[in-house]
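Engineer: Give me the fold of what follows.
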Amino acid sequence: MSQGLASLRGLRTAPSLDPAACSALRLELEPLLARCDWFTAGVMAASAASAVTCLRQVETALAWSHLELDPAGVSLDSIEGPVFLKANQNSGRFQVRAETGLGEGLLISGHCSADTAAEDTWGPLPLDFFGP
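Structural biologist: Reported below is the predicted structural model:
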């Protein structure tokens, strides 16, 4: 299977990628991200802690402002098992909910009101795609 961004579309779970494949995907993804004004991200993970770790790595790697847990949501400590994290740069917040039956991975959606052709969703990427 080709490891380009298009090959990820529709996968239930992010594939395991070697460092060379991750680098190639980053090179493909960076100009697409640069066309967008703001982003939402979805993280499917085995725990709330691993989902938040993934979000923090994305924030650091892409120089996003630190997103805050939505105070209207549930406490991260109260969630057990698999989760879905939804982060929204526009609101500056993220929410996490328990969610079974999902795969694992990171989805990033780019938004651009001035150029809707730039908008898209990329992934699922491995949870450590933007990690150290």
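
Engineer: For the helix or strand hosting Ser7, buried residues please.
Structural biologist: Ser7 belongs to helix 5-8 when elements are defined using DSSP states H and E. In terms of neighbour count (16 or more other Cβ atoms under 10 Å), helix 5-8 has its buried residues at Leu5, Leu8. All C-beta spots, glycine's among them, are computed from the backbone N, C-alpha and C.

Engineer: C-terminal to it, which secondary structure element comes first?
Structural biologist: Criterion used, DSSP H and E; the element after helix 5-8 is helix 19-34.

Engineer: buried set for stretch 7-21?
Structural biologist: For stretch 7-21, burial by neighbour count (16+ other Cβ under 10 Å) applies to Leu8, Ala14, Leu17.

Engineer: In CSV, list those along with distance to Ala87.
Structural biologist: Listed next are the buried residues of stretch 7-21 as CSV, based on distance: Cβ to Cβ, whole Å:
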residue, distance to Ala87
Leu8, 19
Ala14, 17
Leu17, 22
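
Engineer: hang on, the earlier thing: what does the helix holding Ser7 contact?
Structural biologist: Met1, Ala14, Pro15, Leu25, Glu28, Leu29, Leu32, Trp122, Gly123, Pro124, Leu125 (Cβ atoms under 8 Å, 6 or more residues apart in numbering).

Engineer: mind redoing it with 7 Å?
Structural biologist: Helix 5-8 is contacted by residues Met1, Leu25, Glu28, Leu29, Trp122, Gly123, Pro124, Leu125 when judged by Cβ atoms under 7 Å, 6 or more residues apart in numbering.

Engineer: For it, the averaged confidence score.
Structural biologist: What helix 5-8 shows for mean pLDDT is 94.

Engineer: Next one: the residue lying farthest from the centre of the chain from Leu62, what distance?
Structural biologist: Centroid-distance maximum for the chain: Ala114 at 22.8 Å, with Cα atoms, centre = their mean. According to Cβ to Cβ, to the nearest Å, Ala114 and Leu62 sit 20 Å apart.

Engineer: now Thr13
Structural biologist: Distance, Thr13 to Leu62, using Cβ to Cβ: 22 Å.
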